[in-house]
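1. coordinates only, sequence not included:
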């Protein structure tokens, strides 16, 4: 006879969640229409989400309109090679994706992080397979105190849990409070975050000799994740890959696009 306990337990959990679902019904992450489960998109918003797919630049992860063969690199990767090995993103930073990022980042929608992380796992499967530790882009302590959470750490925690990788939230420290990146051009962003990050001596053991997966919410110009990568390499990391939820595609960049601040 089959053991009834697992079924009874699942029913009990479902019953316990009913009051919360009645008081706070799950809503679409894009438009706030009611949906069946938290973090889901409604039928109208789902088609508006642009997932980034192969073929793409093997370094930058930017999609190509045609398949040019294995190893083909984008003009960006050739003209300005990044300090990290590879970058990937789940979706293009437009419309629904932009609203999801802003909900997580500015409106306490930390409930979105596990769902966003699942899409990131799909886009970054090859990076996760090689990763030895997951590290989020840090906030300065003053901004963390004001916001009470780090959106990149919420995503990184979910990714580490789902992929069974070590999570090192304190491996990189932001030692200089930088200006918000919103409104800055590419060169200004690079100047803004230069030497803003460091691997503290007590955290070097977590990254030295390891391949590190850096997690952020949005890749805009790459200035922030490049600065974090340089700090990690200086701290002993053997290689660094970057995985973000969204990516501002070449040609779409505007100075008011939100990047990690």
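-> That came through, no problem. Predicted model only: the values in this text are computed from it and were never measured.

2. so what's residue 28 closest to, chain neighbours aside?
-> Distances taken as C-beta to C-beta, 6 or more residues apart in numbering place residue 42 nearest to residue 28, at 4.1 Å, with adjacent residues excluded. For glycine as for every other residue, the C-beta is placed from the backbone atoms N, C-alpha and C.

3. and that neighbour, what's its pLDDT?
-> pLDDT recorded at residue 42 is 83.

4. who touches residue 238 in this structure?
-> 209-211 (C-beta atoms under 8 Å, 6 or more residues apart in numbering).

5. filter these down to the buried ones, PyMOL style.
-> In PyMOL, this line selects whichever of the contacts of residue 238 come out buried by 16 or more other C-beta atoms under 10 Å:
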select buried, resi 210+211
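
6. from the contacts of residue 238, which land in helices?
-> Here DSSP state H is the test, and the contacts of residue 238 give no hits in helices at all.

7. and which of the contacts of residue 238 is nearest to residue 69?
-> residue 211 (25.8 Å; C-beta to C-beta).

8. return the set of residues that bridge with that closest one.
-> Listed by DSSP bridges, the beta-bridge partners for residue 211 are residue 239.

9. got a list of what it touches?
-> Counting by C-beta under 8 Å, 6+ apart, residue 211 has contacts 130-133, 237-241.

10. next one: it from residue 154, what distance?
-> Residue 211 sits 22 Å away from residue 154, taking C-beta to C-beta, to the nearest Å as the criterion.

11. try residue 205
-> On the measure of C-beta to C-beta, residue 205 and residue 154 end up 24 Å apart.

12. before we move on, what about residue 209?
-> Residue 209 is 27 Å from residue 154, by C-beta to C-beta.

13. which parts of stretch 56-76 are buried?
-> Across stretch 56-76, burial judged by 16+ other C-beta under 10 Å covers 56-63, 74.

14. closest to residue 88 out of the residues you listed?
-> Distances from residue 88 to those, taken by C-beta to C-beta, are shortest for residue 61, at 4.2 Å.

15. which strand residues bridge the nearest residue to that closest one once chain neighbours are set aside?
-> Once flanking residues are discounted, residue 61 sits nearest to residue 88: 4.2 Å by C-beta to C-beta, 6+ apart. Judged by DSSP bridges, the bridge partners of residue 88 are residue 243.

16. measure how buried the residue nearest to residue 28 is and give me the count.
-> Neighbour count of residue 42, defined by other C-beta atoms under 10 Å: 17.

17. how far away is it from residue 32?
-> 9 Å.

18. if we can go back for a sec, now the buried residues of stretch 56-76 as TSV including pLDDT, distance to residue 230 and secondary structure?
-> Output for the buried residues of stretch 56-76, formatted as TSV (pLDDT from 0 to 100; distance: C-beta to C-beta, whole Å; DSSP: H, G, I helix; E, B strand; the rest coil):
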residue	pLDDT	distance to residue 230	secondary structure
56	94	24	strand
57	94	21	coil
58	95	21	coil
59	96	16	coil
60	96	17	coil
61	95	19	coil
62	93	21	coil
63	93	26	strand
74	91	21	coil
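
19. quick one: the residues you listed as TSV, columns for distance to residue 142 too.
-> As requested, the buried residues of stretch 56-76 are arranged in TSV below (distance: C-beta to C-beta, whole Å):
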residue	distance to residue 142
56	37
57	36
58	38
59	34
60	32
61	32
62	34
63	37
74	37
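
20. what about residue 168, how many residues nearby?
-> Neighbour tally, residue 168, other C-beta under 10 Å: 20.

21. against residue 97, how distant is it?
-> Distance from residue 168 to residue 97, by C-beta to C-beta: 27 Å.

22. mind checking pLDDT for residue 216?
-> Looking at residue 216, the pLDDT reads 97.

23. to clarify, my last question referred to residue 90.
-> Confidence score, pLDDT, at residue 90: 97.

24. so residue 71 touches residue 57, yeah?
-> No: using C-beta atoms under 8 Å as the test, residue 71 is too far from residue 57 to be in contact (10.0 Å).
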